[in-house]
Every structure is written in C-alpha cells, then in structure tokens.
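Participant: okay, sequence plus prediction incoming.
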Amino acid sequence: MRKDYWLVVRFFVMDLPEPGVYGRGELDFVRLFELVVSRVSDGSCGAAAFFLGIVKRKGRGEVDVEKLHMESYEEHANKALKRICEEVTGEYGLRFVGIWHLVGVLNVGEPVVFVAAAGESRDEVFRGLRTAVERYKREPALFKKEVYIDGTGKWLEGA
C-alpha cells in the first residue's frame, strides 16, 4: 500500500498527535479538533478554545500573496512547541494546550496552524490560548516565505 494511505489510516485510528511540526497533508484539522474535544470532554473542563491560522491573501505591505512556503528546523521547532504547551498549561492552570503547525507549500485560504486550550474557566483558557499563539509566532524555528502573485517572494520574521 502507498505511504500516504498509511498516514491517513494511522491518523484516524490513533490518539491525539503530539504537538509539533507536520508536513502539509499529514494532519486533518477537523479530525484534530474532534480528538481535542474528545480528550477534554470528561467533565473536568468548563471551556475549550481554538485558533486556526489561515494563509491570507494580503501579505505584509498589503502585497497580494499567492502562497506560503513554511519551513522549520524540525527538531528545534518540535521541542519549542512542546515546551510552550507545557509552560502555558502550568502558567494558566489549564488541563490541555496543543499546537500543531504545518510546513510545506500552502495556498491562500489553507490552514497553517491549529492551537487548542482547555481548562476549568474560560478566562484562563482565553488568556492561555492567546499566550500560546503569541509564543509560537516567536519561539520555534519556523520560517515563512510569502510568494506574491507577481512571482517574487520574501522571507519574513515572526512566522
């Protein structure tokens, strides 16, 4: 059987994947949402919040974007994303925090990152989610290149 078939089969029968960096097509964010909800639906959480980052048409400087090239130093990025999840969980007293970021070529309108937070209170969940989003933009070794409709491109800081 084909390798990509096994990726899909493995994802649908496995538990929630570890926070980290995944190639385009390796994660189904709808299924990821379902797995997070299943993980936190035992009655211990009063709130769950989610952030979905999507490739937007207007890039920095209001230039029209055709696609993004997302790259990472995977080992560093995975460690940083797991550390962010652990630290935000502790800082806000949350039950769960997860960050999953895609790498590869992503088109306008496609999701690029999924962040989830769950805990007893919506106030802590919202604050924790915001902190996790802001930190993933700064800390992991993630690199973003906007490719514009005129064929030019630019690498950006703060993926």
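Facilitator: Looks like it arrived, so ask away.

Participant: how far off centre is the longest strand along the chain?
Facilitator: The longest strand of the chain (DSSP state E) is strand 96-107. A distance of 3 Å separates the centroid of the chain from that of strand 96-107, by C-alpha atoms, centre = their mean, to the nearest Å.

Participant: what lines up beside that strand in the sheet?
Facilitator: With DSSP bridges as the test, strand 96-107 is paired with strand 20-23 (parallel), strand 65-72 (antiparallel), strand 111-119 (antiparallel).

Participant: residue 40: which of these is closest?
Facilitator: Shortest distance between residue 40 and those, using C-beta to C-beta, is found for strand 111-119: 4.0 Å. Every residue, glycine included, has its C-beta placed from N, CA and C.

Participant: C-terminal to the closest one, what's the next element?
Facilitator: Next helix or strand after strand 111-119 toward the C-terminus (DSSP states H and E): helix 122-138.

Participant: what's near enough to touch residue 83?
Facilitator: Neighbouring residues of residue 83 by C-beta atoms under 8 Å, 6 or more residues apart in numbering: residue 139.
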